[in-house]
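Novice: pasting the structure only:
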C-alpha cells in the first residue's frame, strides 16, 4: 500500500529527513515515534505535499502510484488524509460547507457522482454523534473558536466522511483530555479496515494504548533507527529516546 | 473644488488633485486632460436594474436627469430602488438628490450605479436627512464601465436615536470614489458604514468616509473589505472625529484587504481623532495575501487550488455581506459578488 523508500526531505532549505524507508501494507497501522525535532511532522507534511517541504531524494508511492508527483489535492483524491497536529482555522466557511466541498471535490476528481445535500447531512450527523460532536458546532466557521479537543475530533470526523485509503495522524493525541482521547481513539479504531493503511505519528504512547499498532518505528535524527512490534512502545516509554537521539545524523 | 464644479464650468482646474490631501490617491486632475461633452438626454430603453423586483418603487436618473427628491414618512417601511444610469452617449453630467426620512420613518434605499458606456464622467451628490428615531438602510451597488470616472458623495445627518446602515459594494471604474460624511448630530444614533470593493484589471475604487460625533451616546461600526487583482488599486480612507463633549461614543473601524497580485495595490488611511474623554474607540487595518496555511489545509482535503482560493475569498468578503439587513438585497449582492470573484481569480 504505502511504500516509502530512502525519502530525503528538506524544510526551508534545511535537510530534515535523511533517507526514510517504510512499508505499510493494507490493513495495518504503523506508529512512528520519536523525540521532538526528529522529523515526524516533516514526514507527514512531505507525504501530504505541503509547500516548503522539498523532497530531495527517494520515493513515496501509494498502491504503486508516485505520490510525490501529485498536487496536495490530487493526493487527497487518491486517498491520502492528513490529520493535522494544529488544524487550521477558516473564518467564514462553516465546517459543513468545507467538508462537503472536500468530499465532492474528491469525488469529482475520481469521476464519481457528487454527494447530494441530504445524504451528506445524514452522514455528517451520524459521524458527529459517534464522535460526540454537537451537530450545531458544524454550522460554525471551521475550527474558529474550537477547543483543542474539538478540533481534533473534527479532524477525525473529516477522516470518517472522506474515508481515505491512507490515514496519517500527526500528534492526534496532543491537547486531548482523557475522555476526548478515548472518543478519538474509538473513532480511529472504527476506521481500521483491511483496505486502509494508517500512519500514526506521535511522541507519546497515550494514543497507542487505545489504538494498537501492528508495527512501531523510531524516527530520530531524520532516520528510522529501530522497528519492532507493539511492545517497542512500552520500551520507549520506560527508557525514553535518549539512546536513539545520540545516534549521529 | 469638485468634479461637479468642473463639469458645470468646464474648468479642469476645479478638479480635485493629488495636492488635495483627501484626494491624493484618487487624482482626477492628473487623469482628465479634457472633459467629455455634456451628456445628452437619452431615450434609450433602460433594462431591469440589479435590484429588480426587490423594491416597492423605482426612482430613475438617466444622464443626470430625473428624480431629485425622495421623502419617507412614518408608517409602512419603504423600499425604494434608486437607479443612477449612464446611457446612450453619456459624456459628463452631475446630479443632486435630497432624501428625507421623517421622524420614526423607515427607508431601505437600493442604490445602483449603472453604466455600460465607455468613458463617461459623472458626479452624484445625495443629501440624507435621517430624522429622530428614523431608520435608513442604504445599499449601494456600483457597476460602472471600466473607462468611466465616477464620484458619488453622500452627506448624512443623523437625528437623535436615528439608525443608519450603509453598505457600498463596488467593482471600481477607471477612477471611482464613494465618499460618505456622517454627522451624529442628535445623541444616541448609530451608523454602520460597511463596504466591499472587488477590483481587477486596471480598475480603481476609493471608499472614503468621514464620521463626526457631535452628539453623545453615538455608535459607529465600520467594516470595509477589499480584494484587488491585476493592476487594480483600492483606496480606503476612514476618519472618525469625536468632538469634545460627545461622551460615551462607541466607534469601531475595520478595513481589511486581500492583494492577489504583485501589481495590485491598496492604500489605506484609518484615522481616529478623539477630543472627548469618555469614549470607546478601536480600529484595525490589514492588507495581505491569502492565508497559505488555509490553502494547504483545504488542498490536503482534496479541494483544488482554484476552488480553495474562491472559497476563502468569498468567505472573506462574505463577512461584510452577511451584515446587510435587507434579506433580498443581501442575497442579490452575494450572487453578484460570487460572479465577480469568479472573474477576478
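Specialist: Perfect, thanks for sending it. Not measured: the values here are computed from a predicted model.
Novice: so where's chain A shaky on pLDDT?
Specialist: A:245-249 (pLDDT under 70).
Novice: ok, 50 please
Specialist: Within chain A, the segments meeting pLDDT under 50 span A:249.
Novice: distance check, residue A:191 against chain B.
Specialist: For residue A:191, the distance to chain B (Cβ to the nearest Cβ, to the nearest Å) stands at 16 Å. (Glycine included, C-beta is placed from N, CA and C.)
Novice: so what's that residue up against?
Specialist: Applying Cβ atoms under 8 Å, 6 or more residues apart in numbering or on different chains to residue A:191 gives the contacts A:159-160, A:163, A:167, A:198.
Novice: tell me the phi and psi of it?
Specialist: phi -90, psi -10 (degrees, to the nearest 10).
Novice: swap in the one 4 residues further on?
Specialist: The phi and psi torsions at residue A:195 (degrees, to the nearest 10) take the values phi -110, psi 20.
Novice: neighbours around it, how many?
Specialist: Residue A:195 has 9 neighbours, counted by other Cβ atoms under 10 Å in any protein chain shown.
Novice: now it. Nearest residue, chain neighbours left out?
Specialist: With sequence-adjacent residues excluded and distances taken as Cβ to Cβ, 6 or more residues apart in numbering or on different chains, residue A:195 is closest to residue A:26, at 5.4 Å.
Novice: was I right about that neighbour contacting residue A:1?
Specialist: Yes: using Cβ atoms under 8 Å, residue A:26 makes contact with residue A:1 at a distance of 4.4 Å.
Novice: common neighbours of those two, please.
Specialist: Jointly contacting residue A:26 and residue A:1 under the rule Cβ under 8 Å, 6+ apart are residue A:197.
Novice: the stretch 201-345 of chain B: strands as residue ranges?
Specialist: If DSSP state E, counting those that start in this stretch is used as the criterion, the strands of the stretch 201-345 of chain B fall at B:204-213, B:219-228, B:233-242, B:249-259, B:265-274, B:279-288.
Novice: I'd like those as a markdown table, with distance to residue A:51 appended.
Specialist: Output for the strands of the stretch 201-345 of chain B, formatted as a markdown table (distance: least, Cβ to Cβ, whole Å):
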| stretch | distance to residue A:51 |
| --- | --- |
| strand B:204-213 | 32 |
| strand B:219-228 | 22 |
| strand B:233-242 | 27 |
| strand B:249-259 | 18 |
| strand B:265-274 | 24 |
| strand B:279-288 | 17 |
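Novice: with distance to chain A added, can I get these in JSON lines?
Specialist: Converted to JSON lines, the strands of the stretch 201-345 of chain B look like this (distance: least, Cβ to the nearest Cβ, whole Å):
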{"stretch": "strand B:204-213", "distance to chain A": "20"}
{"stretch": "strand B:219-228", "distance to chain A": "10"}
{"stretch": "strand B:233-242", "distance to chain A": "19"}
{"stretch": "strand B:249-259", "distance to chain A": "11"}
{"stretch": "strand B:265-274", "distance to chain A": "19"}
{"stretch": "strand B:279-288", "distance to chain A": "13"}
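Novice: would you list the ones you listed in CSV and tack on mean pLDDT?
Specialist: Shown next, in CSV, are the strands of the stretch 201-345 of chain B (pLDDT from 0 to 100):
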stretch, mean pLDDT
strand B:204-213, 97
strand B:219-228, 97
strand B:233-242, 97
strand B:249-259, 97
strand B:265-274, 96
strand B:279-288, 94
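Novice: and the residue of the stretch 51-200 of chain B closest to chain A?
Specialist: Closest contact between the stretch 51-200 of chain B and chain A, by Cβ to the nearest Cβ, is at residue B:196 (13.1 Å).
Novice: partner strands of the strand or helix carrying that residue, parallel or antiparallel?
Specialist: Remark: residue B:196 resides in strand B:190-199, with elements defined by DSSP states H and E. Each strand paired with strand B:190-199, and its direction, by DSSP bridges: strand B:163-170 (parallel), strand B:219-228 (parallel).
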